[in-house]
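S.K.: heads up, no residue letters with this:
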């Protein structure tokens, strides 16, 4: 395995800049997730590491080698795409073997690598089947197996689970986490799904408009977002962030002049009787999800806040409530969206 070091990466498509001075250090054996909305540059950055996209300036290092101008095949990476891209006329074994045959790997070594990858991915009983005889999850495992047999320094995943149904995505997330621990591999994973990012990553890289907004452990980003963008992107439901000017009659909150926005996670609100919290609202909708209940409280004509409560909460729509924000759960942001200490 290997470290990955990016230094001041810039990428243009004609007159449009897709990446802006991106610098990042990824430790050996880490599971790093690039996350952000569509068009933020996460897949472009991944493809730049793979060598599938040239960069206009900056440097890419994998291990001790500068691979900025190195062909993709010689970078020591293996990539798993959103599309499985399996050869339909070949068996699982042949799909996994194809790249090694092209690279003239010794037949005995090919057999050993395939057997090991099949054992790890629980595909041993499917090696002689064709892709049409496999489920979606099994096909994705074959695509991952094809990467494993390359014995790469770094695994790259470009939204590999987005074609699977919700239940299978959860199962594959667990399998990928287990695979990472088993291989102790350096893995870089791209997704737009912040739930995937939170559950899988050692380190999350949040991208926005081609720039890195914040890098950190999942719970660090959750509890200490550096910007308003990160606060509203990480978490499901997202943090409630609102301009204090939009809420008339805030009671008991002492805010300095630099504070333009206030934030609070849905689960951190404390429900109080009307008139006794920091602000009041009317419950519009109650969503009972089993283990938790989400209450949507209308605070003003153009502001509705989400409150997460116990699954057995019975607060009815139409109820007036007070909401208190504990001091240690209050997030403040300036007019540029930067977090204030």
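M.R.: Cool, the structure landed. Everything numeric in this text was worked out from a predicted model, so none of it was measured.

S.K.: from here on, contacts and neighbour counts on C-alpha atoms
M.R.: Noted.

S.K.: quick one: the helices in the chain?
M.R.: Ranges of helices in the chain, per DSSP state H, are 42-50, 92-102, 107-120, 136-148, 166-183, 194-200, 218-223, 228-233.

S.K.: quick check: mean pLDDT of the last one?
M.R.: Looking back up the chat, that one is helix 228-233. The pLDDT scores in helix 228-233 average 96.

S.K.: tell me which strands and helices that helix is in contact with?
M.R.: strand 211-216, helix 218-223, strand 240-243 (3 or more CA pairs under 8 Å, 6 or more residues apart in numbering; DSSP states H and E).

S.K.: so the chain: which segments form each domain?
M.R.: Taking automatic domain parsing as the reference, the chain has its domains at 4-232, 237-340.

S.K.: please identify the most buried of those domains.
M.R.: Across the domains of the chain, averaging neighbours per residue (mean count of other CA atoms under 10 Å) puts domain 4-232 on top, at a mean of 18.

S.K.: give me the nearest residue to the residue nearest in space to the middle of the chain, chain neighbours excluded.
M.R.: By CA atoms, centre = their mean, the chain has its centre lying nearest to residue 197, at 2.9 Å. Once flanking residues are discounted, residue 197 sits nearest to residue 33: 5.8 Å by CA to CA, 6 or more residues apart in numbering.

S.K.: which strand residues bridge the one you found?
M.R.: Note on residue 33: beta-bridge partners by DSSP bridges are residue 189, residue 204.

S.K.: I'd assumed residue 205 was in contact with the residue nearest to the centre of the chain.
M.R.: No. Using CA atoms under 8 Å, residue 197 is not in contact with residue 205; the gap is 9.1 Å.

S.K.: which residues are in contact with each of the two?
M.R.: Taking CA atoms under 8 Å, 6 or more residues apart in numbering as the criterion, residue 197 and residue 205 both touch 33, 34, 35.

S.K.: distance check, the closest residue to residue 335 other than its chain neighbours against residue 303.
M.R.: In space, residue 335 comes closest to residue 260 once its chain neighbours are excluded; the distance is 5.1 Å by CA to CA, 6+ apart. To residue 303, residue 260 is 16 Å away according to CA to CA, to the nearest Å.

S.K.: verify the contact between residue 127 and residue 96 for me.
M.R.: No. Taking CA under 8 Å as the definition, residue 127 is not a contact partner of residue 96, at 9.2 Å.

S.K.: isn't the residue nearest to residue 197 up against residue 199?
M.R.: No. Using CA under 8 Å, residue 33 makes no contact with residue 199, being 10.1 Å away.
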